[in-house]
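>>> need the 3D shape of this:
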Amino acid sequence: MTTYTSQHLASADAEQDARRTWLTIALCFSVAVLEGIDFQAPGIAAPGMAATFGLDRLHMGWVFSAGILGLLPGALVGGWLADRIGRKWVLIGSVALFGLFSIATAHAWELYSLLAARLLTGVGLGAALPNLIALCSEAAGERLRGTAVTLMYCGVPLGAALAAAIGIAGFSADWTLVYYVGGVLPLLVLPLLAFWLPESAAFRARQQSATRAAPVPVVEGLFRNGSALPTLLLWGAYFFTLMVVYMLISWLPSLLVGQGFTGRQASWVMFSLQIGAAVGTLMLGVLMERLRPLAMAGLIYLGLLAALAALGLSEAFASMLVAGFAAGMFATGGQGVLYALAPLFYRTEVRATGVGSAVAVGRLGAMSGPLVAGKMLALGFGSAGVMLASAPGLVLAGVAVFYLLGRRREQGALA
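Numbers count the residues shown, from 1 in each chain. This is a model prediction of the structure:
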């Protein structure tokens, strides 16, 4: 009888843990969808926004950059706070911040209020992502950590595809609509997060332990006890991968129009890119645990180089759709693999800080990508030159991912 009761209780506990894990992933996925809407919103709203405020391309560049710039301090501060006060409530505050300032974007009255709204929206978006990653990875446990993060992160390209669909359907005539959608929905999700999202069990256990009174210093957590090399490699891989992702998001529609495609066709290519991103995030997340490190790194970065070459050289609309799908699959899918890798190299007490630092460095790449592409276009390199100029950085990122996957597999074999 005692054995039966123990087995029954263990089974009930396992079922409760599984429900908690899937609830965490589902709620974090919904926030990731909302993040994806806002990431794509500037590209959808840009024509109407420029007409409303009389902004030229230089001023619109500032508007785009303000949102990306806000991601950097948001990721750093959001990760640092989460390791001290908890992932759940920092995430809730982040969602409230980017929801409110997305609505504020729609109510901007001139350039500077618009820049301030985009900057603070970016802070909220940046602070949310390390917490989404930490919550999902810690809820899933060691064995399913990578799968949980990739399942969550595929919400970002799906949200971006939803924003692109607004442009395809012609609902972007009023540029404020996409920002109302991107602002009201996060505020509606807040009660669900407050009542249903469980705090990380790993974080709670650390809070209850004797070590909670002595938090690990940031430098020690990121650069000592064998963490220095993984941290630097993660930073390099994030920087160059996100540089390409944001180069595509920022410049691809303009490049397509410059190649003779219509604005509606450009929106379809962006929609294809985001659907490819969702497929790639899931597919590469599953393959990460199955392929050898060299095969995985080669698949992501050789596939991305081939897709970029196709984008630069394709002339037919159908081939451009295929190239866009492939670019999204390998660029954002590779980004999803990086997000799944990062939490594996840090202890619970510094996990959100470590992920946040990598995300912040990635945002530096995100800011530099559009600037480098713009400079190269101004120098007359053309679409193909811009796409292929990213090759050296992607090779470095591929080498870093190869090493990180190999090291992770060695650690798993020793465990």
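>>> any weak-confidence spans in the stretch 1-150 of the chain?
1-14, 57, 142-143 (pLDDT under 70).
>>> same thing with the stretch 251-400 of the chain?
383.
>>> if we use 50, what do you get?
Applying pLDDT under 50 to the stretch 251-400 of the chain flags no residue at all.
>>> just give me the neighbour total for residue 26.
Neighbourhood size, residue 26 [other CB atoms under 10 Å]: 15. (Each C-beta comes from the backbone N, C-alpha and C, glycine too.)
>>> quickly find the element holding it.
Using DSSP states H and E, residue 26 sits within helix 2-53.
>>> against which helices or strands is whatever helix or strand comes next after that helix packed?
Scanning forward in sequence from helix 2-53 by DSSP H and E, the next helix or strand is helix 57-85. Helix 57-85 sits against helix 2-53, helix 87-106, helix 111-153, helix 351-378, with contacts defined as 3 or more CB pairs under 8 Å, 6 or more residues apart in numbering; DSSP states H and E.
>>> could you list every helix and strand in contact with the shortest one?
Spelled out, that is helix 87-106. With contacts taken as 3+ CB pairs under 8 Å, 6+ apart, helix 87-106 sits against helix 2-53, helix 57-85, helix 111-153, helix 176-196.
>>> switch the cut-off to 6 Å
With contacts taken as 3 or more CB pairs under 6 Å, 6 or more residues apart in numbering; DSSP states H and E, helix 87-106 sits against helix 57-85, helix 111-153, helix 176-196.
>>> how big is the angle separating that helix from helix 57-85?
160 degrees (axes from the mean of the first three to the mean of the last three CA atoms, to 10 degrees).
>>> so which residues make contact with helix 87-106?
Under the contact criterion CB atoms under 6 Å, 6 or more residues apart in numbering, helix 87-106 has outside partners 31, 38, 78, 81-82, 117, 120-121, 124-125, 127-128, 131, 134-135, 176, 179-180, 182-183, 186-187, 193, 197, 199-200.
>>> relative to helix 176-196, how tilted is it?
Using the same axes, to 10 degrees, helix 87-106 lies at 160 degrees relative to helix 176-196.
>>> tell me how far helix 87-106 lies from the chain's centre.
Computed by CA atoms, centre = their mean, to the nearest Å, the chain-centroid distance of helix 87-106 equals 16 Å.
>>> mind listing what's buried along it?
For helix 87-106, the neighbour count (16 or more other CB atoms under 10 Å) marks 87-106 as buried.
>>> need the contact partners of stretch 165-178.
Taking CB under 6 Å, 6+ apart as the rule, stretch 165-178 contacts 41, 44, 45, 48, 49, 106, 163, 267.
>>> in these, which residue is surrounded by the most others?
Comparing these by number of neighbours (other CB under 10 Å), residue 41 comes first, having 29 neighbours.
>>> how far away is that one from residue 365?
Residue 41 sits 21 Å away from residue 365, taking CB to CB, to the nearest Å as the criterion.
>>> same check on residue 204?
34 Å.
>>> residue 312 now?
From residue 312 to residue 365 the distance is 20 Å (CB to CB).
>>> quick one, which of those two is more surrounded?
Shown here are residue 312 and residue 365; by other CB under 10 Å, residue 365 has more neighbours (24 against 19).
>>> and the next element down the chain from the helix or strand harbouring residue 276?
Using DSSP H and E, residue 276 sits within helix 263-287. Per DSSP H and E, the first helix or strand lying C-terminal to helix 263-287 is helix 293-313.
>>> centre of the chain to the helix or strand that that next one is followed by, how far?
Going down the chain from helix 293-313, the next helix or strand is helix 317-341, by DSSP H and E. Offset of helix 317-341 from its chain centre (CA atoms, centre = their mean): 13 Å.
>>> mind giving me the packing neighbours of helix 317-341?
So helix 317-341, by 3+ CB pairs under 6 Å, 6+ apart, packs with helix 111-153, helix 228-258, helix 263-287, helix 293-313.
>>> residue 358: which of the ones you listed is closest?
The closest of these to residue 358 is helix 228-258. By CB to CB, the value is 4.6 Å.
>>> tilt between that closest one and helix 57-85?
Angle of helix 228-258 versus helix 57-85, following the same axes, to 10 degrees, is 150 degrees.
>>> if you count neighbours, what's buried in helix 228-258?
For helix 228-258, the neighbour count (16+ other CB under 10 Å) marks 230-231, 233-256 as buried.
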